[in-house]
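Novice: how would this look folded up:
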Amino acid sequence: MKLSAALQWSNRQVSIQAIGRLLIQVSYGLINFYIPILFVNQMGFSATAVGFALSLCAISEVGGHFIGGTLADSPRFGRKAVLSLAAILGVVVSAVLVMAHSLWLLVVASFVLGISLGFYWTASGAAVMDVTEPSDRSSAFAVMGVAEYVGIGLGVLGGSALLTVVAADPELIFVGCGLMFLAFWALVQGAMTADYPQRPESVPGSGGILSALKDRALLVFMAANIFFTTYVALVTSTIPLYFTNFLAGSDPVPGVSVGSTASLFTWCYIGVGAALQIPTTSLLTPLRRIWVLSGAIALWGIGFALLWAAGTFAAAQFVWAIVALCLLSLASVAYKPFFIATVSDLAPPSLRGAYIAVSSQCWTIGYFIGPLLGGWAMDQSAVVAQRFWLGVGLSATVCIGLLWVFENLRLKLPPVADPGPELSVGPS
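Specialist: Residues are numbered from 1 along each chain as shown. Modelled structure (predicted):
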């Protein structure tokens, strides 16, 4: 398996997608991490209002996934064109955020960001599936996961450093986002292949989406993954504000600095994830996938319970916070590659974009629920904000139950034929 992971790096198209993931996540990571802090603590908006604005991103992302999936499978467009559109929309988002001194501009930026996200994740996932064998996809997506963590980490740390330079005009940190989106566009145009499996002419664009929506196993798997994606959204959108405003301490005013929060988040969640992604995937690949997914969700539950401890007990608060973030990071790296590989196993090769578009709605729903629910909790008293994490942790039991329902359905399905990375040529 370690050899398999190394081979994924030597696969030119996987490497290109990994570099692109790093660039795109520098931007997305910076946006997700700093919007709540800047607009709540420096511009004076309520956490609920900002959480609502960010949740609108999820609504437009629904359309982004469906349109992006249809275009990605289309002979007239394909993966490359959709990824280029995602980059261009990202530049637009960055420009709007630089000028956003009112809530309605934040809403506009969030709306366009959702479309960009939908286009990117759908086309990128399909592109990786196109150039890998089924047995190697977990390791390929592990490589993508490393690039993702490194990109988010660079975005958070870079944003923290840049924030000290442009303290008088903090919105200027979003100029860096625009530059990263431009670099991603150049990479796609200059290095990405335009090859992908052709959709049969008898299947119209909407037919692939409808086929995926009729797959009962996929829908149950999506229901389980809504919990996972909500957890990820809470980590990126709510934990920074929780640490900044509610973390217990000897100070009369609870909380830690933005810089300390960025360091905790970067090294304990992002850094641990980047370091453990490939070794964890290598270790877990031989195991039955349902046990891997269930165990990862159990770790999420434990990690959230420890966040309650970090905010409740002043003694050893940073120990609780560090252990919680490390557990949440391990849970994420254990779950995500196998989640994506499971979707690829369910999808016919010519409908990968459609299946990813449908399955990606769990990310859309999760990123709608997470910021909205988390923003509400952070607007409440310290006791409510702290106990909120206990409730989130208990929800992991429901997710595990849904995963086992999916497993029973999956075992009854016939295997999906997969031609592997033997591709037909589409347009650029």
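Novice: does Thr70 lie in a helix or a strand, and which?
Specialist: helix 47-73 (DSSP states H and E).
Novice: which elements pack onto that helix?
Specialist: For helix 47-73, the packing partners by 3 or more CB pairs under 8 Å, 6 or more residues apart in numbering; DSSP states H and E come out as helix 12-37, helix 79-99, helix 103-130, helix 205-213, helix 352-359, helix 361-378. C-beta coordinates here come from the backbone N, C-alpha and C atoms, glycine included.
Novice: the inter-axis angle of that helix versus helix 103-130?
Specialist: Helix 47-73 runs at 40 degrees relative to helix 103-130, counting by axes from the mean of the first three to the mean of the last three CA atoms, to 10 degrees.
Novice: I'd like the distance from helix 47-73 to the chain centre, please.
Specialist: From the chain centre to the centre of helix 47-73 is a distance of 13 Å (CA atoms, centre = their mean, to the nearest Å).
Novice: quick check: buried residues in it?
Specialist: Neighbour-count burial for helix 47-73 flags 47-58, 60-62, 64-73 (criterion: 16 or more other CB atoms under 10 Å).
Novice: okay but Ile356 is in contact with Ala127, surely?
Specialist: No: between Ile356 and Ala127 there is no contact under CB atoms under 8 Å: 10.1 Å.
Novice: got the contact list for stretch 150-162?
Specialist: By CB atoms under 8 Å, 6 or more residues apart in numbering, the residues outside stretch 150-162 that reach it are 21-31, 33-34, 172-173, 176, 236, 258-259, 262-263, 265-266, 270-271, 274.
Novice: just the buried ones out of those, please.
Specialist: By 16+ other CB under 10 Å, these give 21-31, 33-34, 173, 176, 236, 258, 262-263, 265-266, 270-271, 274 as buried.
Novice: can you get me a residue count around the nearest residue to Val26 once chain neighbours are set aside?
Specialist: Residue nearest to Val26 in three dimensions, not counting chain neighbours: Gly155, with 4.2 Å by CB to CB, 6 or more residues apart in numbering. Here the number of neighbours of Gly155 (other CB atoms under 10 Å) works out to 29.
Novice: what helix or strand is Gly155 on?
Specialist: Going by DSSP H and E, Gly155 is in helix 137-165.
Novice: starting at the chain centroid, how far to that helix?
Specialist: 11 Å.
Novice: buried stuff in it?
Specialist: In terms of neighbour count (16+ other CB under 10 Å), helix 137-165 has its buried residues at 137-160, 162-163.
Novice: and the contacts of the helix or strand following that helix?
Specialist: Toward the C-terminus, helix 137-165 is succeeded by helix 173-191 as the next helix or strand (DSSP H and E). Helix 173-191 has contacts (CB under 8 Å, 6+ apart) with 16, 19-20, 23-24, 26-27, 30-31, 34, 80, 83-84, 87-88, 90-91, 93-95, 97-98, 158-159, 162-163, 166.
Novice: and the angle from helix 173-191 to helix 79-99?
Specialist: Angle, helix 173-191 to helix 79-99, by the same axes, to 10 degrees: 160 degrees.
Novice: and Leu306, that's in a helix?
Specialist: Yes: counting by DSSP: H, G, I helix; E, B strand; the rest coil, Leu306 is part of a helix.
Novice: what's near enough to touch it?
Specialist: The neighbourhood of Leu306, defined by CB under 8 Å, 6+ apart, consists of Trp320, Val323, Ala324, Leu327.
Novice: what about the nearest residue to it once chain neighbours are set aside, neighbour count?
Specialist: Nearest residue to Leu306, sequence neighbours excluded (CB to CB, 6+ apart): Ala324, at 3.6 Å. For Ala324, the count of nearby residues is 25 (other CB under 10 Å).
Novice: which elements pack onto the helix or strand harbouring Ala324?
Specialist: Element membership for Ala324, per DSSP H and E: helix 317-346. On a contact count with 3+ CB pairs under 8 Å, 6+ apart, helix 317-346 meets helix 103-130, helix 137-165, helix 216-237, helix 258-264, helix 272-284, helix 289-312, helix 352-359.
Novice: buried ones in the fifth one, by neighbour count?
Specialist: Applying a neighbour-count criterion of 16+ other CB under 10 Å, the buried positions in helix 272-284 are Val272, Gly273, Ala274, Leu276, Gln277, Ile278, Thr280, Thr281, Ser282, Leu284.
Novice: okay, the contacts of Leu306 in CSV with pLDDT next?
Specialist: Output for these, formatted as CSV (pLDDT from 0 to 100):
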residue, pLDDT
Trp320, 87
Val323, 92
Ala324, 92
Leu327, 95
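Novice: most neighbours among these, which one?
Specialist: In terms of neighbours by other CB under 10 Å, the contacts of Leu306 top out with Ala324 at 25 neighbours.
Novice: surely that one touches Ala310?
Specialist: Yes: with contact defined as CB under 8 Å, Ala324 counts as touching Ala310 (5.8 Å).
Novice: C-alpha coordinates for stretch 228-247, CSV please?
Specialist: The C-alpha coordinates for stretch 228-247 follow below in CSV (Å, rounded to 0.1, in the frame of the first residue of the first chain):
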residue,chain,number,x,y,z
PHE,A,228,-19.5,13.6,8.6
THR,A,229,-19.6,16.7,6.5
THR,A,230,-21.4,18.6,9.2
TYR,A,231,-18.6,17.7,11.6
VAL,A,232,-16.0,18.9,9.1
ALA,A,233,-17.9,22.2,8.6
LEU,A,234,-18.1,22.7,12.4
VAL,A,235,-14.3,22.2,12.7
THR,A,236,-13.6,24.8,10.0
SER,A,237,-16.3,27.4,10.7
THR,A,238,-17.2,27.1,14.5
ILE,A,239,-14.2,25.8,16.4
PRO,A,240,-12.0,28.9,15.6
LEU,A,241,-14.7,31.1,17.1
TYR,A,242,-15.3,28.8,20.0
PHE,A,243,-11.6,28.8,20.9
THR,A,244,-11.3,32.6,20.4
ASN,A,245,-14.4,33.4,22.5
PHE,A,246,-15.1,30.6,24.9
LEU,A,247,-12.0,28.6,25.7
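Novice: and it, how far from the chain's centre?
Specialist: Chain-centre distance of stretch 228-247: 14 Å, with CA atoms, centre = their mean.
Novice: leaving out the residues flanking it, which one is nearest to Gln380?
Specialist: Distances taken as CB to CB, 6+ apart put Phe388 closest to Gln380, at 7.8 Å, once the chain neighbours are dropped.
Novice: number of nearby residues for the one you found?
Specialist: Neighbourhood size, Phe388 [other CB under 10 Å]: 24.
Novice: pretty sure Leu56 is touching Ser110, no?
Specialist: Yes: between Leu56 and Ser110 there is a contact at 4.9 Å, judged by CB under 8 Å.
Novice: residues of the helix holding Ala324 that come out buried?
Specialist: For helix 317-346, by 16+ other CB under 10 Å, it's 317, 320-344, 346.
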